[in-house]
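> predicted model, plus sequence, below.
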Amino acid sequence: MKLLDRYEEVVGHQEIQRLYRLAERLAGKRVVHVNSTRNGGGVAEILRWMIPLMRELGIDASWEVIEGTADFYRVTKSFHNGLQGLPVSLKKRDYDLHYEINRENAERLNLQADVVFVHDPQPIYLPRFTPEGQVGRWIWRCHIDASRPDRGVWKYLDAALPQYEATVFSMAAFTRPVACPMFLIPPSIDPLSDKNCPIPEAERLETLTRLGVDPDRPMLLQVSRFDRFKDPLGVIEAYRLLKPYHTGLQLVLAGGPAEDDPEGAEVLREVLDWAGEDQDLKVLMLPPDAHRDINALQRSAIVVLQKSIREGFGLTVTEALWKGKPVIGGACGGITLQVHDYHTGFLVHSPAGAAYRIRYLMRYNDKRLRMGQNGYDFVREHFLLTRHLRDYFTMLLSLDRPEPDSLIV
Ligand code: UDP
């Protein structure tokens, strides 16, 4: 069975036909995506489904990955932090190293293409070292909130942009003035992946039992890296405010291993300390490929929290809404695009606010179920991979022929 036939079952015939019609006009074009890793992180997750789908639609799509030294990744990690507004102290030799590794990769990678999507800052200088005429268009796809960057980091990255024909950001609030056309294209989830596909009831129950969660009592859930910006302690505080009124209530904080992130390990320790001996509060360390476990947990929660104080797009919110769960989210980043008060959940600013809204949702079953349904419909409409692909195709066509009537399909 073709992949697109499987997606058609989820998103409908019309949506797939729209994709075919757009793709027809891009048939045979060679499109290369370049990022810095094949595994781990949201970008790799998206490229994993996007490349085969583009190919099935007749586009000659491929995926190239840059290579660098440990020092290079230390520098690019600082770029990431710097773009998000943390002050960083990089020396001239750090910028030189980044520049040099981009040069080496430009020689190594197969970048002969009509369009090259460069994802995030790691490969941003590839156009500088690629022979003139080898690439039709360069597009910089920034997945990071770059609205208030460290000045030094931005000055260096900004100097790469004149060679790009367009930039793409996930949402307006993440952008800043740049010297080329800008497109706003939010990310998306794959409804057929292990993280998001329907799972058998027996598997869901087996997962809960294995993870020590009682399937017969209500459970609150937050799935997140152990990071202070995700406010795990605030989630525990909200749960404690509720527990006297709902004695059967359980809380699950599920996150990945934090060994490679010294701060993550420290936050995990704080969370474990704060959690104490409460049998109904589970802090779960899941392996990076525990997608079906996370799926089962999200499907089992009564309400899902994402009480971040700072957030990127917040794919965990998209995943929870897709499973028909209202989300209580911190009012920041992409959470504000997805959570709308009384419609798909509630935006909150404090643990007390979160507890108040959870209490409301636990009390009114009908409202909770209706908001869950709204969330599912909202994601189906806006945040599935078919919409994402449609936006990319529309952008490419508009760059080819900027007249507005050329985009009517
Ligand atoms: N995730 C996971 N295991 C974990 C924690 C998170 O697989 O232990 C996944 C989660 O399901 C989501 C992604 O990692 O798909 C996190 O993306 P999000 O945009 O929510 O946050 P980020 O970690 O990028 O800040």
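Looks like it came in fine. Bear in mind that the values here come from a model prediction, so they are computed numbers and not experimental data.
> point out where the protein drops to low pLDDT.
The model of the chain has pLDDT under 70 over residues 257-262, 402-409.
> for the residue nearest in space to the middle of it, give its distance to residue 322.
Computing the C-alpha centroid of the chain and ranking residues by CA atoms, centre = their mean puts residue 315 first, at 4.2 Å. To residue 322, residue 315 is 10 Å away according to CB to CB, to the nearest Å. Any C-beta I mention is one placed from the backbone N, CA and C, and that applies to glycine too.
> and the contacts of stretch 195-203?
Residues outside stretch 195-203 that contact it (CB atoms under 8 Å, 6 or more residues apart in numbering): 189-191, 291-292, 294-296, 299, 319, 322-323.
> state the pair within those that is farthest apart.
190 and 296 (17.1 Å; CB to CB).
> out of these two, which sits in the busier spot?
residue 296 (23 against 20; other CB atoms under 10 Å).
> correct me, but the more buried one touches residue 213?
No: using CB atoms under 8 Å, residue 296 is not in contact with residue 213; the gap is 9.4 Å.
> spell out which residues of the protein are next to the ligand.
When proximity is defined as CB under 6 Å from any ligand atom, the chain approaches the ligand at 42, 195, 223-225, 254-256, 286, 294, 312-316, 319.
> all helices of the stretch 51-200 of the chain, in order?
With DSSP state H, counting those that start in this stretch as the criterion, the stretch 51-200 of the chain has helices at 70-83, 92-108, 151-158.
> same question for the longest one: list its buried residues.
If you call a residue buried by 16 or more other CB atoms under 10 Å, then helix 92-108 has these buried ones: 94-95, 97-98, 101-102, 105-106.
> do stretch 204-211 as well
Those would be 204, 207-208, 211, for stretch 204-211 by 16+ other CB under 10 Å.
> coming back round to it: what's the farthest-apart pair in the residues of the chain next to the ligand?
Largest pairwise distance in the residues of the chain next to the ligand, by CB to CB, is 20.9 Å, between 286 and 313.
> of these two, who's got more company?
Neighbours per residue, other CB under 10 Å: of residue 286 and residue 313, the larger number sits with residue 313, 23 against 16.
> pretty sure that one contacts residue 188?
No: counting by CB under 8 Å, residue 313 does not reach residue 188; the two are 9.5 Å apart.
> hang on, the earlier thing: which of the residues of the chain next to the ligand fall in helices?
42, 294, 315-316, 319 (DSSP state H).
> quick one: buried ones out of these?
294, 315-316, 319.
> okay if I get the residues you listed as CSV plus distance to residue 249?
Converted to CSV, those look like this (distance: CB to CB, whole Å):
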residue, distance to residue 249
294, 20
315, 26
316, 20
319, 22
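> and those, which is closest to residue 390?
residue 315 (18.8 Å).
> from residue 59, how far out is the closest one?
Taking CB to CB, one finds residue 315 at 25 Å from residue 59.
> same thing with residue 136?
13 Å.
> between these two, who's got more neighbours?
residue 59 (23 against 16).
> ok, that one - contacts?
Residue 59 makes contact with 23, 26-29, 31, according to CB under 8 Å, 6+ apart.
> name the nearest of the residues you listed relative to residue 364.
Nearest member of the contacts of residue 59 to residue 364, counting by CB to CB, is residue 23, at 44.4 Å.
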